[in-house]
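Participant: Got a predicted structure plus its sequence, pasted below:
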Amino acid sequence: MSSLVNNLLDMARLESGVVELNRQWQPLEEVVGSALRAVRSTIAGHHIKVDLPEHFLLLEFDVATIERVLSNLLENGAQYTPIGSTISIGAAPGDRGHLQIGVEDNGPGIAVGKENDIFKNFERGKKDSAALGVCLGLAICRAIVDAHGGSIRVEGRAGGGARFVFSIPRGLPPVVDLTADDAVEQRITP
């Protein structure tokens, strides 16, 4: 019940525009690691594959909300796939200066025609699913990603499963300018 109330409150805040993002420059790998730790009991028994390119060192985003997006997508993948299956997280450059982050599984996939509907409040991919939950996780993901100026979508995978992809603007990371006064001098002692 507590989870339902929290999700409803979060969704109301996100939809009303009351949430103010605390954007900071962060390494993507750290928020992925935090999300994996946050859902470790849910994803236990699944194989997790992480493939993050090293050249995406810093991105400007709200850590708490992007961690929530990743956590929701990981939990969704674990909920709809059998124990022992693989859930993958990856990132690649997108168009218009965005980074695309994908979470994919090898579960039953998404029914044709439901690709947009599952991001609505209280909507489930399969009406007859025995999966637990109140069906707000993907709606919350969409609201968070939208607030970051990005987009989210789902697509079927060849061979089965679903691939959720969200994009956020990459931005231009700050540059550290070390002048002679700021530089650290290394001394070698004999």
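Facilitator: Cool, the structure landed.
Participant: contacts, neighbours, all on C-alpha from now
Facilitator: Will do.
Participant: Tell me how far residue 100 lies from residue 21.
Facilitator: Per Cα to Cα, to the nearest Å, residue 100 is found 19 Å from residue 21.
Participant: Between these two, which is the more surrounded one?
Facilitator: residue 100 (21 against 14; other Cα atoms under 10 Å).
Participant: okay but the more buried one is in contact with residue 59, surely?
Facilitator: No: counting by Cα atoms under 8 Å, residue 100 does not reach residue 59; the two are 11.7 Å apart.
Participant: buried stuff in the top helix by length along the chain?
Facilitator: Counting by DSSP state H, the longest helix found in the chain is helix 63-79. Under the neighbour-count criterion of 16 or more other Cα atoms under 10 Å, helix 63-79 has 63, 65-79 buried.
Participant: quick one: contacts of that helix?
Facilitator: 22-24, 26, 31-32, 34-36, 38-39, 42-43, 46, 87, 103-105, 107, 131, 137-138, 140-141, 144-145, 164 (Cα atoms under 8 Å, 6 or more residues apart in numbering).
Participant: Can you flag which of those belong to strands?
Facilitator: 23, 24, 26, 87, 103, 104, 164 (DSSP state E).
Participant: Could you export the one helix or strand residue 29 maps to as CSV, keeping only the C-alpha atoms?
Facilitator: For residue 29, the element it lies in under DSSP states H and E is helix 28-38. Extracted C-alpha coordinates of helix 28-38, given in CSV (Å, rounded to 0.1, in the frame of the first residue of the first chain):
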residue,chain,number,x,y,z
LEU,A,28,26.6,7.4,-16.2
GLU,A,29,28.3,4.3,-14.8
GLU,A,30,27.7,5.5,-11.2
VAL,A,31,24.0,5.9,-11.6
VAL,A,32,23.8,2.5,-13.3
GLY,A,33,25.7,1.0,-10.4
SER,A,34,23.3,2.6,-7.9
ALA,A,35,20.3,1.4,-9.8
LEU,A,36,21.6,-2.2,-9.8
ARG,A,37,22.3,-2.0,-6.1
ALA,A,38,18.8,-0.6,-5.4
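Participant: Any stretches of this protein with poor pLDDT?
Facilitator: For the chain, applying pLDDT under 70 flags the ranges 1-19, 56, 121-135, 176-190.
Participant: can you give me the helices for it?
Facilitator: 2-16, 28-38, 40-43, 63-79, 137-147.
Participant: which one of these lies closest to residue 95?
Facilitator: helix 137-147 (15.7 Å; Cα to Cα).
Participant: tell me what the closest one is packed against?
Facilitator: Counting contacts by 3 or more Cα pairs under 8 Å, 6 or more residues apart in numbering; DSSP states H and E, helix 137-147 is packed against helix 2-16, helix 63-79, strand 151-156, strand 162-169.
Participant: With only the CA atoms kept, save that helix in CSV.
Facilitator: C-alpha atoms of helix 137-147 as CSV (Å, rounded to 0.1, in the frame of the first residue of the first chain):
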residue,chain,number,x,y,z
GLY,A,137,6.4,2.4,-13.2
LEU,A,138,6.6,3.0,-16.9
ALA,A,139,4.4,6.0,-16.7
ILE,A,140,6.8,7.5,-14.1
CYS,A,141,9.7,6.6,-16.4
ARG,A,142,8.2,8.6,-19.2
ALA,A,143,7.4,11.6,-17.0
ILE,A,144,11.0,11.7,-15.7
VAL,A,145,12.6,11.3,-19.1
ASP,A,146,10.2,14.0,-20.5
ALA,A,147,11.3,16.3,-17.7
